[in-house]
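1. build me a model:
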Amino acid sequence: MLHLTDLFIAVLLPFLIFSALALLAMLVFLILQRGTDEVQFQRRKRITAHYRAAVDALIGPDPSDDALIALAKAPARHRPVIETMLLKPLALSTGIVVERLRAAARVTGLLDTWADNLANRRWWVRADAARALGLVRETRALPLLFKALDDEHEEVRAAAVEALGLIGHPQAIPVLLARLPDQSRHQRARIVEALREFGDAATPALVEHARSRREDAALVADILGLIGGHVAAEELKAWMTDEHAEVRRAATRALGTIGLDESSTKLALVALEDPDANVRAMAARALGRARRHDTALALARHLDDEWMVAANSADALRRMGRPGMELLQARVDDKGYPGDLARQMLWERRSIAVGA
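-> Residues are numbered from 1 along each chain as shown. Coordinates of the predicted model:
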């Protein structure tokens, strides 16, 4: 028994000593790490305070060349701190402020650093570089960002798309459009959002793309509706009579979002009788957004249509006010969903009136 006790002590004692030393080493490591972090924090704090006046001057109403001179003299080791100081206000800046901060990034060498980082082996460095170049609207980086659109990592491709949308140069429009068919739905949504940043400036290129690639016409019509492409109204009107139902549907939806004029209202009334239910539904939606009283009777006839068409027609009548409400009131006793829709729309209208 004594032998077993001695053996147990012989094994346990070294284990306890080793565990105590390991814990002590871990504690020392944590203390050192905390101390290092604190030193780094204080260092960044001092550097930030040193350049704060120069960065604030660039953002302020009365900038001077002294601010750029002060930043140009910054040593390379200070660049990471200056980078953060410049990028933070850029997220909310436009116009002349962006130009000043871009000039600051140029004199400090950050523009060159970001351009070089687009070829870095670490994907997160490449992504951060693309975003930074987008925030400063660096047009000279367009070729590099075009190349980043085909990067092996999705986050880098997404950052490049975002950057091109921020820069807003017309050269990027056909490049982004060319990648629409081959992208995943997630990435396609990013490209569409980037194109929205261009506004009406993207319309001619979008229309030309749809003409040369008819398989993308429906998608282009949707984008035109999102960016409010009034310039493309005539093209969208032509697409409302396209042989493909998905193009007619997208064009009708886009024009309804942009707004109907006299000629497009007539086309929407024609589309209300389209053989495709999706097209009819979009026509009812468009007419409802236009709120033209002279279309009320045509819409009322579609309360007996397929559910999607009937629901959009009922909502359109509700939007029209009194003429539409009278037609809905006439259907409240109907059986099935026409009556249900009429009662629902009347209830919603009364609820809105009471709330108002």
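2. show me the shaky parts of the protein.
-> Scanning the chain with the threshold set as pLDDT under 70 gives 1-13, 15-16, 35-41, 181-186, 228-229, 351-356.
3. centroid-nearest residue for it?
-> residue 193 (4.3 Å; Cα atoms, centre = their mean).
4. any idea what sits nearest it, other than its immediate chain neighbours?
-> Residue nearest to residue 193 in three dimensions, not counting chain neighbours: residue 165, with 6.6 Å by Cβ to Cβ, 6 or more residues apart in numbering. Backbone N, C-alpha and C define where each C-beta goes, glycine included.
5. show me the contact partners of the strand or helix carrying the residue nearest to the centre of the chain.
-> Using DSSP states H and E, residue 193 sits in helix 185-198. Helix 185-198 has contacts (Cβ atoms under 8 Å, 6 or more residues apart in numbering) with 154, 157-158, 161-162, 164-166, 168, 170, 172-173, 176-177, 179-180, 183, 202, 206, 222-223, 226-227.
6. 10 Å instead, please
-> 134, 149, 154, 157-170, 172-173, 176-177, 179-184, 201-202, 205-206, 219-220, 222-224, 226-229 (Cβ atoms under 10 Å, 6 or more residues apart in numbering).
7. return the list of helices and strands in contact with whichever helix or strand comes after that helix.
-> Sequence-wise, the next helix or strand downstream of helix 185-198 (DSSP H and E) is helix 203-212. Where contact means 3 or more Cβ pairs under 10 Å, 6 or more residues apart in numbering; DSSP states H and E, helix 203-212 is packed against helix 172-178, helix 185-198, helix 217-227, helix 233-239.
8. return the set of buried residues in the host helix or strand of residue 339.
-> Using DSSP H and E, residue 339 maps to helix 337-355. Burial within helix 337-355, assessed by neighbour count using 16 or more other Cβ atoms under 10 Å, is assigned to 337-338, 340-346, 349.
9. quick one: buried residues of the helix holding residue 193?
-> Applying a neighbour-count criterion of 16+ other Cβ under 10 Å, one finds 187-188, 190-192, 194-195, 197-198 buried in helix 185-198.
10. ok, the nearest residue to residue 98 once chain neighbours are set aside to residue 79 distance?
-> Leaving out its chain neighbours, the residue that sits closest to residue 98 by Cβ to Cβ, 6+ apart is residue 137, at 5.6 Å. Residue 137 sits 20 Å away from residue 79, going by Cβ to Cβ, to the nearest Å.
11. same question, residue 52
-> 16 Å.
12. which one of these two is surrounded by more residues?
-> Between residue 52 and residue 79, counted using other Cβ atoms under 10 Å, the more crowded position is residue 79 (17 against 11).
13. so who does residue 267 touch?
-> Contact analysis of residue 267 by Cβ under 10 Å, 6+ apart lists 236-238, 240-241, 248, 251-252, 255, 260-261, 283, 286.
14. helix or strand for it, which one?
-> Secondary structure assigned from DSSP H and E places residue 267 in helix 262-271.
15. could you list the buried residues of that helix?
-> 264-265, 267-269, 271.
16. right, and the helix or strand after it?
-> helix 277-290.
17. so what does the helix or strand following that next one touch, helix or strand wise?
-> On the C-terminal side of helix 277-290, the nearest following helix or strand under DSSP H and E is helix 296-300. Helix 296-300 sits against helix 262-271, helix 277-290, helix 307-319, helix 322-329, with contacts defined as 3+ Cβ pairs under 10 Å, 6+ apart.
18. list the buried residues for the last one?
-> Along helix 322-329, the positions that meet the burial threshold by neighbour count (16+ other Cβ under 10 Å) are 323-325, 327-328.
19. ok, the residues you listed vs residue 89, which is closest?
-> residue 324 (49.3 Å; Cβ to Cβ).
20. pretty sure the closest one is touching residue 299, no?
-> Yes - contact criterion Cβ atoms under 10 Å: residue 324 and residue 299 qualify, at 7.5 Å.
21. between these two, what contacts are shared?
-> With Cβ under 10 Å, 6+ apart as the test, residue 324 and residue 299 both reach 288, 313-317.
22. compare those and tell me which has the most neighbours.
-> Neighbour max across these (other Cβ under 10 Å) = residue 313, 33 neighbours.
23. these two touch, right, that one and residue 301?
-> Yes - Residue 313 lies in contact with residue 301 (Cβ under 10 Å); the separation is 8.2 Å.
24. which strands and helices sit next to the strand or helix carrying residue 253?
-> Counting by DSSP H and E, the element that carries residue 253 is helix 245-258. Judged by 3+ Cβ pairs under 10 Å, 6+ apart, helix 245-258 is in contact with helix 217-227, helix 233-239, helix 262-271, helix 277-290.
25. now distance to residue 128 too, for the ones you listed, in a markdown table please.
-> Listed next are those as a markdown table, based on distance: least, Cβ to Cβ, whole Å:
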| stretch | distance to residue 128 |
| --- | --- |
| helix 217-227 | 28 |
| helix 233-239 | 39 |
| helix 262-271 | 45 |
| helix 277-290 | 41 |
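26. nearest to residue 92, out of these?
-> helix 217-227 (22.2 Å).
27. from residue 324, how far out is residue 316?
-> Using Cβ to Cβ, residue 316 is found at 7 Å from residue 324.
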